[in-house]
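A.B. asks: Output the structure for:
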Amino acid sequence: MDYRHFLEQLPYLYDNWKQNTVTPKSLDFAPILEQVGGLTTVNIMQLLNFAVGCLPESEVYCQIGGFPGTTILAALHQHPQTLAYLVDDLTAIDPTGEKSGVLDQTLSKFGLENQVVFCNQPFEQFFTEYRALELPEKIGVFFYDGAADYRSILLALLLVKPFLADKALIIIDDTNWTPAQQATWDFIQAHPQSHLALDLPTLQDGDPSFWNGLRVLTWDSNHSYNYNWQILQQFHNPEFINAITSLPLTTEFTRLTLQDIGSLTDYDPLSLYNYYGNPAKAEIEYKEKIADEEQNISHYLDLSNVLMMQNKLDEAIAILEKAAAINYTHPDVHNNLAILHQRKGNQGMADLYYGHKHFYRQEHQLAIDFYQKFLQVYNGNEMLYKTLADCYNAVGQYPAALQAYNTGLELYPHATQLHFWRIWALRDYGYLEESRVVADRAVELNPQAGQLIYQANLFYPLFMNP
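C.D. replies: Residues are numbered from 1 along each chain as shown. Reported below is the predicted structural model:
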């Protein structure tokens, strides 16, 4: 695997590399994602595809996880000579075999049934059997997209090690999360042949750039040194390590149920269908949950996720709009709306909802950045200019806050609330005389607005000289 060529040339395959707006120059991957779905992005698909393109004919591609197959389709796109192994234990989460059948059909539809060896088994079993076969080919690119817990990631890296080519790439998904980060660095510390070549975190999970974060490690069997202790120590997470070392030493553990798992993760048990199972079944059950608990926003969010998995984007948007009507200040509602509009190709609306998300998280500068992107394409409604002014006010940019009010009132001269808040802002900033003049003008435009009349009269002197 020519990983140096990969690292040197990869940035040239993207527009806005290393920025939040990064996108691949190739248009080949969006149709695959739209057709098959899956929890990935076109940026990840392009990266995998180029990695496979750097493989010599004697090396193979190996992937752990990745149902419904979007990432392996992308990896092998226009690489008909590359042999690939796809390892995913679908039987454990779908005894009916439905998921396995769907994956087989997808591979066949794209003409990969003879190019991909699909192993429906735990990856531990796969590597044990792979060792026994004593096959001559080495793994030049290894992509881990399985369970994101610490043990699974570290164990997969340890098990693949004997089968890696002398020079190889190791790509790990979901590296926003602490278990993946610590597993990566623990493996690097124990193996000087490895080096962290690319770290691609994202602003949030499900981000259109690199989803939940991505790391690319190089493997070179000739290397005997990678990092000194000072550097390695920086990437130890003491709280996480203490949590691991504090596990009880007894082997008398109670078997975890799905409900237990749900309580230990960011996802409830039904969300396991979203990531590893049957989204259609999850859709039915979430709709039942919403019927029982109409005010529970988490059910709407989970339903929107499983609808997105099935490319039911308009339905997902409609569900989130209902959630917004219940609680408009919930940042995750706006985050999901942003992702959905981005999937539909409407970047302007995505920017608006990303702005709302950051505003309700009180991340005001980020909100300003997204609102300004939206306003470069669209005019906002009157309340958007009030919200933008609030953001500028929160970060101490008072002239910009006033300009936001002014811009809004140029578009909506009869917007009573905008007049009201601009008057208050002028007063708070110390422009008392100007606030009185502005209040007078506002009352002229809106003579029936009692609040504005009150504001206008507020600044007249109480006693007049004779």
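
A.B. asks: By mean pLDDT, which helix or strand of the chain comes out lowest?
C.D. replies: helix 258-264 (a mean of 33; mean pLDDT, DSSP states H and E).

A.B. asks: quick one, longest strand in the protein?
C.D. replies: Ranked by number of residues, the top strand in the chain under DSSP state E is strand 164-173.

A.B. asks: Report the buried residues of that one.
C.D. replies: Buried residues in strand 164-173, defined by neighbour count with 16 or more other CB atoms under 10 Å: 164, 165, 167, 168, 169, 170, 171, 172, 173. The C-beta positions use only the backbone N, C-alpha and C, and glycine is treated the same way.

A.B. asks: same deal with stretch 374-387?
C.D. replies: Buried residues in stretch 374-387, counted by 16+ other CB under 10 Å: 374, 375, 380, 382, 384, 385, 386, 387.

A.B. asks: just how off-centre is that stretch within its chain?
C.D. replies: Remark: stretch 374-387 is offset 25 Å from the chain centroid, using CA atoms, centre = their mean, to the nearest Å.

A.B. asks: now swap in stretch 286-306 and tell me
C.D. replies: Averaged C-alpha coordinates place stretch 286-306 at 20 Å from its chain's average position (CA atoms, centre = their mean).

A.B. asks: taking the mean pLDDT, what do you get for that stretch?
C.D. replies: Computed over stretch 286-306, the mean pLDDT rounds to 88.

A.B. asks: Start and end of it, how far apart?
C.D. replies: One end of stretch 286-306 sits 9 Å from the other (CA to CA, to the nearest Å).

A.B. asks: got the buried residues for it?
C.D. replies: Neighbour-count burial for stretch 286-306 [16+ other CB under 10 Å]: 286, 289-290, 297-306.

A.B. asks: Break this structure down into its structural domains.
C.D. replies: As given by automatic domain parsing, the domain ranges for the chain are 3-245, 253-327, 331-378, 379-466.

A.B. asks: what's the most buried one of those?
C.D. replies: Ranked by mean neighbour count under mean count of other CB atoms under 10 Å, the domains of the chain are led by domain 331-378, which reaches a mean of 20.

A.B. asks: what stretches of the stretch 101-250 of the chain score poorly on pLDDT?
C.D. replies: The stretch 101-250 of the chain contains residues with pLDDT under 70 at 246-250.

A.B. asks: Would you map the helices across it?
C.D. replies: 123-133, 150-160, 178-190, 229-234, 238-245 (DSSP state H, counting those that start in this stretch).

A.B. asks: With just CA atoms, put the second one into CSV.
C.D. replies: Presented in CSV, the C-alpha positions along helix 150-160 are these (Å, rounded to 0.1, in the frame of the first residue of the first chain):
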residue,chain,number,x,y,z
TYR,A,150,-13.3,0.3,23.5
ARG,A,151,-12.9,-3.5,23.6
SER,A,152,-14.3,-4.1,20.1
ILE,A,153,-12.1,-1.5,18.5
LEU,A,154,-8.9,-2.4,20.3
LEU,A,155,-9.5,-6.1,19.7
ALA,A,156,-10.1,-5.7,16.0
LEU,A,157,-6.9,-3.7,15.6
LEU,A,158,-4.9,-6.4,17.5
LEU,A,159,-6.4,-9.2,15.5
VAL,A,160,-5.9,-7.6,12.1
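
A.B. asks: before we move on, the earlier item: any chance of the buried residues of stretch 374-387 in JSON lines, plus secondary structure and pLDDT?
C.D. replies: Formatted as JSON lines, the buried residues of stretch 374-387 follow (DSSP: H, G, I helix; E, B strand; the rest coil; pLDDT from 0 to 100):
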{"residue": "374", "secondary structure": "helix", "pLDDT": "92"}
{"residue": "375", "secondary structure": "helix", "pLDDT": "92"}
{"residue": "380", "secondary structure": "coil", "pLDDT": "85"}
{"residue": "382", "secondary structure": "helix", "pLDDT": "84"}
{"residue": "384", "secondary structure": "helix", "pLDDT": "90"}
{"residue": "385", "secondary structure": "helix", "pLDDT": "89"}
{"residue": "386", "secondary structure": "helix", "pLDDT": "89"}
{"residue": "387", "secondary structure": "helix", "pLDDT": "90"}
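
A.B. asks: any idea how far residue 335 is from residue 317?
C.D. replies: According to CB to CB, to the nearest Å, residue 335 stands 13 Å off from residue 317.

A.B. asks: pretty sure residue 11 contacts residue 17?
C.D. replies: Yes - the criterion here is CB atoms under 8 Å, and residue 11 meets it with residue 17 at 4.2 Å.

A.B. asks: where do the helices sit along the stretch 351-466 of the chain?
C.D. replies: 364-375, 382-394, 398-411, 416-428, 432-445, 450-458.

A.B. asks: Nearest residue to the middle of the protein?
C.D. replies: Centroid-nearest residue in the chain, with CA atoms, centre = their mean: residue 206, separated by 2.0 Å.

A.B. asks: Quickly find the element holding the residue nearest to that one when sequence neighbours are not counted.
C.D. replies: Nearest non-adjacent residue to residue 206, counting by CB to CB, 6 or more residues apart in numbering: residue 339, 5.7 Å away. Using DSSP states H and E, residue 339 falls within helix 331-343.

A.B. asks: And for the longest strand of the chain, what's in contact with it?
C.D. replies: Identification of contacts with strand 164-173 by CB atoms under 8 Å, 6 or more residues apart in numbering yields 1-3, 6, 44, 47-48, 51, 54, 59, 65, 138-145, 148, 153, 157, 160, 180, 184, 194, 211-222.

A.B. asks: And for stretch 358-369?
C.D. replies: Residues outside stretch 358-369 that contact it (CB under 8 Å, 6+ apart): 203, 329-331, 334, 355-357, 370, 387-388, 390-392, 394-395.

A.B. asks: redo that, cut-off 6 Å
C.D. replies: 329, 331, 355, 391, 394, 395 (CB atoms under 6 Å, 6 or more residues apart in numbering).

A.B. asks: Model confidence score at the fourth one, please.
C.D. replies: Meaning residue 391. For residue 391, the model assigns a pLDDT of 92.

A.B. asks: and it, what is it in contact with?
C.D. replies: 364, 367, 368.

A.B. asks: Switch those over to JSON lines; also include pLDDT and distance to residue 34.
C.D. replies: What follows is these, written out as JSON lines (pLDDT from 0 to 100; distance: CB to CB, whole Å):
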{"residue": "364", "pLDDT": "92", "distance to residue 34": "34"}
{"residue": "367", "pLDDT": "91", "distance to residue 34": "29"}
{"residue": "368", "pLDDT": "94", "distance to residue 34": "32"}
